[in-house]
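Peer 1: No letters, just coordinates:
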Ligand code: 6PG
């Protein structure tokens, strides 16, 4: 039954990175306005990495006085196991480019406290999700998962997304919402949403930019080989899957 509801991915190709940023901002605003009209709030999980930085900056520059930031609730799909001031911190990147630039109430921001022990930080974030989305303690029996209005994701060259890396234990996690995932190639933990959370979203938006992603994007979107990349397992069960990619990243599609 779930298979029938899984929408095929939509792919929008932007001429260049600037056009991708604009399309991403427009999609963010569309999702926000729809969610707020329907439920008087917009719950979004931001992605980390480099690609979204310019999107967040453009969002701040163009929507600072337009979006109802008091009705927007911001989470993170994953976080590196570093303090918030660390140069690798996804929170730091989002704070510099967006969060510090818009009138978002502090209470609407849910930062992963990645300065803590990784497993403690993951459990704390999971508890915050449970409370925010008013999930029952028996949520698993009810198959009760948080449903984000929008989750932003990126694509790594190894096919990872969020901090769901090939070969990592979190790929098999189907009961927890947030876990500390040991990433062998970085010799570090990362805190990440699990696939069930990603796949319960009303919309997942991948943002992929640059020629360096052309091969992995082709492999992920046109799977001819036997590889199953983590990003291919993002299949919203009852939601939209949208890829906004720029022409250089799309050159092999
Ligand atoms: C992170 C992200 C990660 C990222 C991809 C793509 O914490 O880094 O969650 O999944 O989206 O690695 O990163 P770039 O946008 O920098 O290519």
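Peer 2: Nice, thanks for sending it over. All of these numbers come straight from a predicted model, not from anything done at the bench.
Peer 1: What residue in the stretch 51-200 of the chain comes nearest to the ligand?
Peer 2: Going by Cβ to the nearest ligand atom, the ligand is nearest to residue 154 of the stretch 51-200 of the chain, at 2.2 Å. The way it works is simple: take the backbone N, C-alpha and C, and place the C-beta from them, glycine included.
Peer 1: And the helices in the stretch 1-150 of the chain?
Peer 2: Under the criterion DSSP state H, counting those that start in this stretch, helices of the stretch 1-150 of the chain are mapped to 2-5, 17-39, 51-63, 90-97, 118-132.
Peer 1: one step back: ok, the residue of the stretch 51-200 of the chain closest to the ligand - contacts?
Peer 2: Taking Cβ atoms under 8 Å, 6 or more residues apart in numbering, we find residue 154 in contact with 47, 48, 49, 51, 52, 161, 206, 207, 208.
Peer 1: Neighbours of the fourth one, how many?
Peer 2: Read that as residue 51. 24 (other Cβ atoms under 10 Å).
Peer 1: same check, this time on the fifth one
Peer 2: Counted with other Cβ under 10 Å, the burial measure for residue 52 works out to 25 neighbours.
Peer 1: same question, the second one
Peer 2: Applying other Cβ under 10 Å, we find 25 other residues in the vicinity of residue 48.
Peer 1: if I pick it, what's in contact with it?
Peer 2: Residue 48 makes contacts with 76, 77, 78, 79, 80, 90, 93, 94, 154, as judged by Cβ under 8 Å, 6+ apart.
Peer 1: Report the mean confidence score over the helix or strand harbouring residue 204.
Peer 2: When secondary structure is defined using DSSP states H and E, the element that contains residue 204 is strand 203-208. The average of the pLDDT scores along strand 203-208 is 98.
Peer 1: Distance from the helix or strand that that strand is followed by to the middle of the chain?
Peer 2: Tracing the chain past strand 203-208, the next element assigned as helix or strand by DSSP H and E is helix 214-221. Averaged C-alpha coordinates place helix 214-221 at 19 Å from its chain's average position (Cα atoms, centre = their mean, to the nearest Å).
Peer 1: Strands along the stretch 151-253 of the chain, start to end?
Peer 2: In the stretch 151-253 of the chain, the segments counted as strands under DSSP state E, counting those that start in this stretch are 178-183, 188-193, 203-208, 240-246.
Peer 1: picking that back up, is the ligand within reach of the strand holding residue 204?
Peer 2: No: shown here: strand 203-208 not in contact with the ligand (Cβ under 6 Å from any ligand atom), separated by at least 7.3 Å.
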